[in-house]
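Engineer: for reference, the sequence and a predicted model appear below.
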Amino acid sequence: MRLFWKCTFCAVSAAVAVACGPVEPEKVFEPSYFDLPVPEYFPTLTNVPASNRLSEEGVRLGRHLFYDIRLSGSYRAEGMLSCASCHRQENAFECGLDNPRLDNGRMTGAAGLQTAHGMLPLINIAFNTRCFGWNGALEYPESNLETLIARTLVDSTEFAGTEQAIEQRIAGIPFYPPLFQEAFGSSEVTFDRIVSAIAQFVRTLVSSNSKFDRYMRGEAQLSPEEMRGYVLFTTEEGADCFHCHGGAGNVLFSTYDILVNGLDPQEAFTDPYDRYSVTGDPMDKGAYRIPTLRNIAYTAPYMHDGRFSTLGEVIDQYSENVFHSPYISPLMHHVNDNGVQLTASEKQCLEAFLLCLSDEEFIRNPDFSNPFVQDTVPAQAQVQAGKGVPGSRP
Ligand code: HEC
Ligand code: HEC
């Protein structure tokens, strides 16, 4: 019915145009396309699809949508949230331990329901060509970032919106249609365009200027303590982290494999959303996708259920608390010793190395910040202070 109306409208407007004489030449749609800048030692493969190339206009639109609490499509004050309510820049686009939406490791969405798992940060997502989410249910290339964002917007534990409500809400804000015009060649606001623009912005969130990166480029030296930590990280007889979390040979600091790393199964391997829930393979019980360790100092709480708050706790876990189960990954080589058994000074060095993965420029990059505010107050604080984004209250 709606489609029929649209077509009738097209026919009528075409007839009117003909009747009124010479038609204005159509403006050529020329967005400023650009290729994702790939840092020199990064993988060259990205998940940027041909159908959603990056353009300056698209990224600009996506950045506004990412930070706009009206995106929730909800008119209830408590239901208003943006991507940035959960993915905060100062936490490398994770939630942060002081996030008011964080409760017992999980986040609370627009409808007051809790997410199935803890958070994942948005770091170098454009280079992930394996799978998304803790259980890797969205596998590339069948699924891509666009798939994930579309689901996030309607998921009952996140935005809890409907495609139509979100479309209408954004279309009704006079600020937006011109931005859609610039990004997509017409001012029509559609759910797909909203998703595409946000995906473009998220793909620009590249972190490649940590101390470790500067070391890779020959611009900085690691201190003896950090270097010892790096050696521990990358040796089997040391802390043995590299099989899963990379290093110089895998600068994403994750292989994105999905496995069991020996956490105490507080849920007795019965999480209804683990890898097993995706594959049905009993060996996948309690398995989760390996997260990146980039910016790890900013992204607490840690693990799929947010059980740890500090890197010290994580290191103790791998050092002496590894839990033996039939499901444990064969890459956990030291499971028979309950872990890699590090000394206090080795733990200190390992943590010093992990801190070298912090990229301050990333969490302060003005291109990634809330475009609605000029100061540095985090978006969430603005919203709480009642300042919000323009017209943010229903
Ligand atoms: C209510 C909090 C919340 C909001 C709002 C939210 N997210 Fe998330 N996000 C999460 C959680 C929790 C996960 C981990 C989900 C899982 O795998 O179970 C996640 C995962 C992701 C991932 C996957 C990362 C990876 O490494 O696989 C991406 C990408 C993402 N979110 C982008 C977004 C975008 C874009 C928005 C806005 C449209 C958004 N999120 C809004 C909580 C949120
Ligand atoms: C066998 C593969 C494997 C090895 C080896 C391994 N990890 Fe992990 N790591 C994982 C997986 C899988 C997760 C997610 C587990 C979960 O949440 O259930 C993870 C999670 C983490 C996290 C939490 C990240 C976050 O964003 O929540 C940190 C930190 C971490 N690992 C550090 C290390 C360190 C340090 C080492 C070496 C001592 C190490 N890992 C060795 C697979 C591994």
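Structural biologist: Sure, I can see it. Residues are numbered from 1 along each chain as shown. Ligands and ions are numbered 1, 2, ... in the order given.

Engineer: touching, residue 115 and residue 157? I think so.
Structural biologist: Yes. Using CB atoms under 8 Å, residue 115 is in contact with residue 157, at 4.7 Å. Any C-beta I mention is one placed from the backbone N, CA and C, and that applies to glycine too.

Engineer: shared neighbours of these two, anything?
Structural biologist: Listed as contacting both residue 115 and residue 157 by CB atoms under 8 Å, 6 or more residues apart in numbering are 107, 109.

Engineer: assign the residue nearest to residue 346 when sequence neighbours are not counted to helix, strand or coil.
Structural biologist: Using CB to CB, 6 or more residues apart in numbering and skipping the chain neighbours, the partner closest in space to residue 346 is residue 232 (5.9 Å). Under DSSP: H, G, I helix; E, B strand; the rest coil, residue 232 falls in the helix class.

Engineer: quick one: low-confidence ranges for the stretch 51-200 of the chain?
Structural biologist: Across the stretch 51-200 of the chain, the ranges flagged by pLDDT under 70 are 75.

Engineer: before we move on, back to that, pull the number of nearby residues for the residue nearest to residue 346.
Structural biologist: Per other CB atoms under 10 Å, the neighbour tally for residue 232 reads 21.

Engineer: can you check the pLDDT for it?
Structural biologist: pLDDT, residue 232: 98.

Engineer: ok, residue 309 next?
Structural biologist: On the pLDDT scale, residue 309 gets 98.

Engineer: please report how far it lies from ligand 2.
Structural biologist: 11 Å (CB to the nearest ligand atom, to the nearest Å).

Engineer: give me the nearest residue to residue 185, chain neighbours excluded.
Structural biologist: According to CB to CB, 6+ apart, the nearest residue to residue 185 is residue 29 (3.5 Å).

Engineer: pull the contacting residues for the residue nearest to residue 346.
Structural biologist: Counting by CB under 8 Å, 6+ apart, residue 232 has contacts 238, 239, 342, 346, 349, 350, 353.

Engineer: wait, which of those residues is closest to ligand 1?
Structural biologist: When the contacts of residue 232 are compared for distance to ligand 1 (CB to the nearest ligand atom), residue 353 wins out at 22.2 Å.

Engineer: identify each buried residue in the helix or strand encompassing that closest one, please.
Structural biologist: Using DSSP states H and E, residue 353 sits within helix 344-355. Buried residues in helix 344-355, counted by 16 or more other CB atoms under 10 Å: 346, 347, 349, 350, 351, 352, 353, 354, 355.

Engineer: off-centre distance for whatever helix or strand comes next after that helix?
Structural biologist: Sequence order places helix 360-364 as the next helix or strand after helix 344-355, per DSSP H and E. In this view, helix 360-364 has its centroid 16 Å away from the chain centroid, taken as CA atoms, centre = their mean, to the nearest Å.

Engineer: let's check: the centremost residue of the chain is which one?
Structural biologist: residue 122 (2.8 Å; CA atoms, centre = their mean).

Engineer: count of residues packed around the residue nearest to that residue when sequence neighbours are not counted?
Structural biologist: Using CB to CB, 6+ apart and skipping the chain neighbours, the partner closest in space to residue 122 is residue 93 (3.6 Å). Neighbour count for residue 93, taken as other CB under 10 Å: 27.

Engineer: list the contacts of residue 93.
Structural biologist: 87, 121, 122, 123, 205.

Engineer: how is the protein divided into domains?
Structural biologist: According to automatic domain parsing, the chain comprises the domains 41-206, 211-360.

Engineer: quick one: end-to-end length of the first one, please.
Structural biologist: It refers to domain 41-206. The first and final residues of domain 41-206 sit 13 Å from each other (CA to CA, to the nearest Å).

Engineer: got a pLDDT number for residue 389?
Structural biologist: 43.

Engineer: returning to what we had before: how close does the residue nearest to residue 122 get to residue 85?
Structural biologist: 12 Å (CB to CB, to the nearest Å).

Engineer: and what of residue 109?
Structural biologist: 9 Å.

Engineer: shared neighbours of these two, anything?
Structural biologist: With CB under 8 Å, 6+ apart as the test, residue 109 and residue 85 both reach residue 101.

Engineer: and the stretch 151-300 of the chain, which residues reach ligand 2?
Structural biologist: Within reach of ligand 2 by CB under 6 Å from any ligand atom, the stretch 151-300 of the chain has these residues: 239-241, 243-245, 259, 261, 263, 288, 290-291, 293, 296, 299.
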